[in-house]
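Participant: Take a look and give me a structure for this.
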Amino acid sequence: MLIPIQGQVIRNMQPYLNRRTLLVAAAAVVVIAIAATMLYATRRPRGDDERPPSRFVTVKAGKANVRAGPGKRYPVRWVFVQSGIPVEIMAEYESWRQIRDWEGQEGWIHAAMLSQKRNIIVTGEKRTLYRRADATSPPVALLEPGIIAEIEDCNEEWCRVEVRNNRGWLRRGEFWGIEPGEVVE
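Facilitator: The predicted structure follows:
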């Protein structure tokens with residue numbers, strides 16, 4: 001059977017498309033759609049509805065490569081040579097985490113190199129560690145910029161930290177490694 005379309009004659013494909021061909025084609029389309037969905041779901045960065053936009057963790061390993069992209073094929077941008085350094089996770093891709101350090105540098109690190117432990121890094125100038133969450137309380141220690149401390153808890157204005165067996169309180173804003181307004185218990 002011939003069908004005229006704008007003055008041209010083409011072959012009607014209906015006699016060649018039997019029920020079995022249609023079922024096979026439909027099944028192939030479904031399989032491809034499912035495979036594409038699974039690939040997208042496993043490779044896409046997680047969305048805001050799946051986790052907070054960012055969170056702080058620490059570098060677990062004493063030596064950890066930070067790469068230009070999420071995988072070993074990407075070049076190393078820098079190497080952390082000390083454990084316990086706080087970093088902020090910005091995005092995730094499979095087993096890789098995009099991080100930002102206290103200086104604002106960004107890169108990708110393998111999730112196995114990170115710990116959920118919470119640390120902070122003293123920023124700016126020398127900071128006084130106080131016995132209580134009060135600037136009039138006795139000082140415990142004077143902390144140099146770059147010192148790493150473990151967070152024990154935080155309220156709206158102060159965080160209790162431990163630094164080399166010294167416990168005390170630091171004002172928020174004197175260190176990096178915690179979200180503004182975040183309360184740690």
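Participant: Could you list every helix and strand in contact with whatever helix or strand C159 lives in?
Facilitator: Counting by DSSP states H and E, the element that carries C159 is strand 158-163. Strand 158-163 makes packing contacts with strand 148-154, strand 166-171 when contacts are defined by 3 or more C-beta pairs under 8 Å, 6 or more residues apart in numbering; DSSP states H and E. (C-beta placed from N, C-alpha, C; glycine too.)
Participant: Would you give the sheet partners of that strand, along with the direction of each?
Facilitator: Take DSSP bridges as the rule and strand 158-163 pairs in its sheet with strand 148-154 (antiparallel), strand 166-171 (antiparallel).
Participant: Which one, of the helices and strands packed on strand 158-163, ends up nearest to R55?
Facilitator: The minimum distance between R55 and these falls on strand 148-154, with 13.2 Å, by C-beta to C-beta.
Participant: Give the buried residues for the closest one.
Facilitator: In terms of neighbour count (16 or more other C-beta atoms under 10 Å), strand 148-154 has its buried residues at 148-149, 151, 154.
Participant: Pretty sure F80 sits against R67.
Facilitator: No - counting by C-beta atoms under 8 Å, F80 stays clear of R67, with 11.9 Å between them.
Participant: circling back: out of the buried residues of strand 148-154, the closest to R118 would be?
Facilitator: Minimum separation from R118 among the buried residues of strand 148-154 (C-beta to C-beta) is found for I151, which lies at 4.4 Å.
Participant: Could you pull up the contacting residues of the closest one?
Facilitator: I151 sits next to 118-120, 159-161, 177-178, 184 when contact means C-beta atoms under 8 Å, 6 or more residues apart in numbering.
Participant: any idea how far the closest residue to it other than its chain neighbours is from D134?
Facilitator: For I151, ignoring the flanking residues on the chain, the nearest one in space by C-beta to C-beta, 6 or more residues apart in numbering is R118 at 4.4 Å. Remark: distance between R118 and D134 (C-beta to C-beta, to the nearest Å) = 23 Å.
Participant: With V76 instead?
Facilitator: Using C-beta to C-beta, one obtains 45 Å as the distance from V76 to D134.
Participant: for the chain, which spans come out with low pLDDT?
Facilitator: Flagging of the chain using pLDDT under 70 yields the residue ranges 1-54, 181, 185.
Participant: Quick check: can you list the domain ranges of it?
Facilitator: Structurally, the chain divides into domains by automatic domain parsing as follows: 14-44, 55-117, 120-176.
Participant: can you map out the helices along the protein?
Facilitator: Per DSSP state H, the chain carries helices over the ranges 19-43.
Participant: Beta-bridge partners for I99, please?
Facilitator: With DSSP bridges as the criterion, I99 is bridged to I89, G107.
Participant: want to throw the strands paired with strand 158-163 into JSON lines with distance to K60?
Facilitator: Putting the strands paired with strand 158-163 into JSON lines (distance: least, C-beta to C-beta, whole Å) gives the following:
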{"stretch": "strand 148-154", "distance to K60": "13"}
{"stretch": "strand 166-171", "distance to K60": "23"}
